[in-house]
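K.L.:
I need the structure of the sequence given here:
(chains A and B)
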Amino acid sequence: MALEFNKLVDQLLKLRRMLDELDFDRSSRLQVALERFFAATDLDLIHERIRLTRQPEISGYRGAAPLDPPYDEIICQTFPAPACPPGATIIAADGSQVYPNEQTPLPYYLLNTGLFVYHHGAERTPEQITLPRLFFHPDHVRDAGGRVVSHRTIDAQRTVSEMHELARLAWELRGEARPLLALYDNHLLFWVTSEVGNHLELTRSYHAALVHLHDAGAILAGYVDNPMRSRVVIRLLHLLSIPDEELLHADMSVSPELEGLKDIHLFDVVLEPGERSALMVQNSPRNLQYKKRGDSYEIAFFYLKVSSGYRDSIVRVDIPMWVARDKQKVDELHALLVTQCQMQGRNPYPYALTRADELAFVSSKDKAKLDEMIGLELRSKGIEPRYFSAKTWGKELARSTRRQHEL
Amino acid sequence: MVGQEQSLTVGRVLRASTRGFICGTQSNKIDHRHDFGAFVSAPIANDDSVRVVGVIYAVEIKDDMLVSELVMAEALNSNILRDQRENRMVPLEISVLSIGYIYRDMIVHSLPPRPPMSLSLVELCTADSVYAFTQRLDFLPLALSASEVPSDDLIGAAIRYASYAYPDNRRYEFLVRCGREIARQLSHDLKRLEHVLALIRP
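P.N.:
Numbering: from 1, shown residues only, chains lettered A, B, ... in the order given. Next up, the predicted model:
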């Protein structure tokens, strides 16, 4: 049955009244943030403040911090896009999945990794690879308690699989044109909780992939297209505003005068198209764990304003420390990302990542086909592939757009 | 033999009716086999002994949202062009008008009894089969009366295409024969007749 919109009219009027009451104007808060941002020029002072927050009696600071000297950059500094290297090999990886359906006699799940290789500066057709992997054995599909594995577990496996394939391909292509850029479509601070099956193994495997990428000499970058939730720099600005004597008891996360501001609001004003922010790290226990695995594996980041000439967008780029400590690598990454984002018309997004996503994507049509193929295998053994409960079958009938003429 | 078979492949049937059918292929495979007016054939449903014969009346290259975005780029990178054309499955749809069928060795200039099934292989007719099919011109009324196609231009293109199946010394005679038949069919519409004759004039 269609939604009865006439019953929603009053509720929409209430929504409108609420919008009238809300304050969407963040200009005054942004002004405060900008003043603090451009005043943050004393790296020694900032390092000292960060050092204090890392003391055991002060906890809870999850904001940004400059890199350790001598790699640190002044927080409010901006960097225009450097000249693009004449040649480069850009590998992009992305993944998607089909979650298992517990209603079937043989639940399965699928991980599909898409890899795309773009030869920057060379007249070469890009390469595309897809790696679909089907998991159907009960040992893989069910956890120790016999339950079908959770979506979170499958998501974690997909992440590890993407990073592994990215590393494998980077290693294979290490003889190709340099720099070798390995683009991953998400943040790099991968973390799994103990709720995820096999979490220790997955964590080990992810870090092994990072080491493999490091060995291949790749410039690894995690591209976060819409860092809407990220406010690590805003938290740093808050931290810098807290008087020393109040530091011990101060609330590290909330600052009334910066309430509601996100990093992208700040950098949208600060950065010009093509410019990047200073390199920073996130001060967090997760990142500390990465650092403990080796200095090269702590995750740094910078913000970048990419532009297609029609539209600008603020993105966050995560990089491991082996990249962050190499100025040339950072410049090459910066320039190549800016170039990639100018390639697909009005949409400022790396072309290589768009294609990797397209390769990885499993459409509902493809999923239906796969279900059908697995159903054929089951039927050949006399097993009905899908059990419809009375409730499910009722829903199928009622939601169907076609009339049913079967008895 | 395999090479020859591949060289004749136009595409595979997507959807069909007895009036005509639409076949698809990848855009990177487009060449002379997909010319407007080319003669093609496909086996009809559940009967390998019957092949429908048709002429291509439209070739359509489909887009998607990424292609639409790329069109807006000020300068399209040559590697992206290669990627789009060679790697991405940009579909090409070829529309075919049925003008007859071949039952065993018998040529019938009328609509086929059934349409071809989806995914049937559509092949370019060989010069010999075009020559044989056009010995009689009874297919012309079918094409002239097809309201859903640009029939005048299609007739012109199909006749010119078929004329190359004839030896040089008989091509002119074929074109004159076609002209006479078209004059008979379009005697009531002199303006249209003049246009079609101009299209096939040697």
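
K.L.:
Surely residue A:227 touches residue A:266?
P.N.:
No: look at residue A:227 against residue A:266 with CB atoms under 8 Å: they stay out of range, at 11.5 Å. Every C-beta, even on glycine, is put in place using the N, C-alpha and C of the backbone.

K.L.:
between these two, which one's more packed in?
P.N.:
More crowded of residue A:227 and residue A:266, by other CB atoms under 10 Å in any protein chain shown: residue A:266, with 23 against 20.

K.L.:
Was I right to think that one contacts residue A:36?
P.N.:
No: applying CB under 8 Å as the test, residue A:266 and residue A:36 come out as separate, 9.7 Å apart.

K.L.:
Roughly how far does the closest residue to chain B within chain A sit from residue B:70?
P.N.:
Proximity of chain A to chain B (CB to the nearest CB) peaks at residue A:345, 3.6 Å away. Between residue A:345 and residue B:70 the computed distance is 5 Å (CB to CB, to the nearest Å).

K.L.:
Ok, residue A:365 next?
P.N.:
For residue A:365 relative to residue B:70 (CB to CB), the value is 24 Å.

K.L.:
Can you mark which positions in the helix of greatest length in chain A are buried?
P.N.:
If you go by DSSP state H, chain A has its longest helix at helix A:151-172. For helix A:151-172, a neighbour-count test (16 or more other CB atoms under 10 Å in any protein chain shown) marks A:153-170 as buried.

K.L.:
Break down chain B into its helices, ranges please.
P.N.:
B:2-8, B:65-71, B:78-82, B:127-133, B:140-144, B:151-163, B:168-185, B:190-200.

K.L.:
tell me the most buried of these?
P.N.:
The highest average neighbour count among these, using mean count of other CB atoms under 10 Å in any protein chain shown, belongs to helix B:151-163 at a mean of 21.

K.L.:
Hey, what's the angle from that helix to helix B:168-185? Just curious.
P.N.:
150 degrees (axes from the mean of the first three to the mean of the last three CA atoms, to 10 degrees).

K.L.:
how far does helix B:151-163 sit from the chain's center?
P.N.:
10 Å (CA atoms, centre = their mean, to the nearest Å).

K.L.:
which residues touch that helix?
P.N.:
Residues from elsewhere that reach helix B:151-163, judged by CB atoms under 8 Å, 6 or more residues apart in numbering or on different chains: B:35-39, B:55, B:57, B:97, B:130-131, B:133-134, B:140, B:143-146, B:171, B:174-175, B:178, B:182, B:192, B:195-196, B:199-200.

K.L.:
cool, and stretch B:76-85?
P.N.:
A:118-119, A:122-126, A:128, A:343-344, A:351, A:355, B:27-28, B:67, B:70, B:90.

K.L.:
ok, now with 6 Å
P.N.:
Residues outside stretch B:76-85 that contact it (CB atoms under 6 Å, 6 or more residues apart in numbering or on different chains) are A:125-126, A:343, B:28.

K.L.:
do stretch A:141-151 as well
P.N.:
A:99-100, A:102, A:107, A:135, A:197.

K.L.:
Kindly recompute the last result at 7 Å.
P.N.:
Residues outside stretch A:141-151 that contact it (CB atoms under 7 Å, 6 or more residues apart in numbering or on different chains): A:99-100, A:102, A:107-109, A:135, A:197.

K.L.:
Stretch A:165-179 too?
P.N.:
Residues contacting stretch A:165-179 (CB under 7 Å, 6+ apart): A:85, A:87-89, A:91, A:93, A:113, A:115, A:117, A:119, A:122, A:131, A:180, A:182, A:184, A:209, A:212-213, A:216-219, A:329, A:332.

K.L.:
Do me a favour and get the end-to-end distance for that stretch?
P.N.:
By CA to CA, to the nearest Å, the extent of stretch A:165-179 from end to end equals 19 Å.

K.L.:
before we move on, the earlier item: filter the contacts of helix B:151-163 down to the ones near chain A?
P.N.:
Applying CB under 7 Å from any CB of the partner chain, the subset of the contacts of helix B:151-163 adjacent to chain A is empty.

K.L.:
Enumerate every residue touching residue A:87.
P.N.:
A:120-122, A:177.

K.L.:
same check, this time on residue A:275
P.N.:
With the criterion set at CB under 7 Å, 6+ apart, residue A:275 makes contact with A:78-81, A:305.

K.L.:
Select only the buried ones of those residues in PyMOL?
P.N.:
Restricted to buried positions by 16+ other CB under 10 Å, the PyMOL selection for these reads:
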select buried, chain A and resi 78+79+81+305
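
K.L.:
so which of the contacts of residue A:275 would you say is closest to residue A:274?
P.N.:
Comparing the contacts of residue A:275 against residue A:274 with CB to CB picks out residue A:81 as the nearest, at 3.8 Å.

K.L.:
pLDDT at that closest one, what is it?
P.N.:
Note on residue A:81: pLDDT of 97.

K.L.:
and chain B, which residues reach chain A?
P.N.:
Residues of chain B lying near chain A (CB under 7 Å from any CB): B:66, B:69-74, B:77-80, B:82-83, B:86-87.

K.L.:
Can I get stretch A:31-51 as PDB, trimmed to CA atoms?
P.N.:
These are the backbone C-alpha positions of stretch A:31-51, laid out as PDB (Å, rounded to 0.1, in the frame of the first residue of the first chain):
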ATOM      1  CA  GLN A  31      35.500  32.800  13.200                       C
ATOM      2  CA  VAL A  32      36.600  31.700  16.700                       C
ATOM      3  CA  ALA A  33      38.100  28.500  15.100                       C
ATOM      4  CA  LEU A  34      39.900  30.500  12.400                       C
ATOM      5  CA  GLU A  35      41.400  32.800  14.900                       C
ATOM      6  CA  ARG A  36      42.700  29.900  17.000                       C
ATOM      7  CA  PHE A  37      43.900  28.100  13.900                       C
ATOM      8  CA  PHE A  38      46.000  30.900  12.600                       C
ATOM      9  CA  ALA A  39      47.300  31.700  16.000                       C
ATOM     10  CA  ALA A  40      48.700  28.100  16.300                       C
ATOM     11  CA  THR A  41      52.100  28.800  15.000                       C
ATOM     12  CA  ASP A  42      54.300  27.800  17.900                       C
ATOM     13  CA  LEU A  43      55.100  24.100  17.400                       C
ATOM     14  CA  ASP A  44      57.100  23.800  20.600                       C
ATOM     15  CA  LEU A  45      54.000  25.000  22.600                       C
ATOM     16  CA  ILE A  46      51.700  22.600  20.800                       C
ATOM     17  CA  HIS A  47      54.100  19.700  21.300                       C
ATOM     18  CA  GLU A  48      54.300  20.500  25.000                       C
ATOM     19  CA  ARG A  49      50.500  20.700  25.200                       C
ATOM     20  CA  ILE A  50      50.200  17.300  23.500                       C
ATOM     21  CA  ARG A  51      52.900  15.900  25.800                       C
END
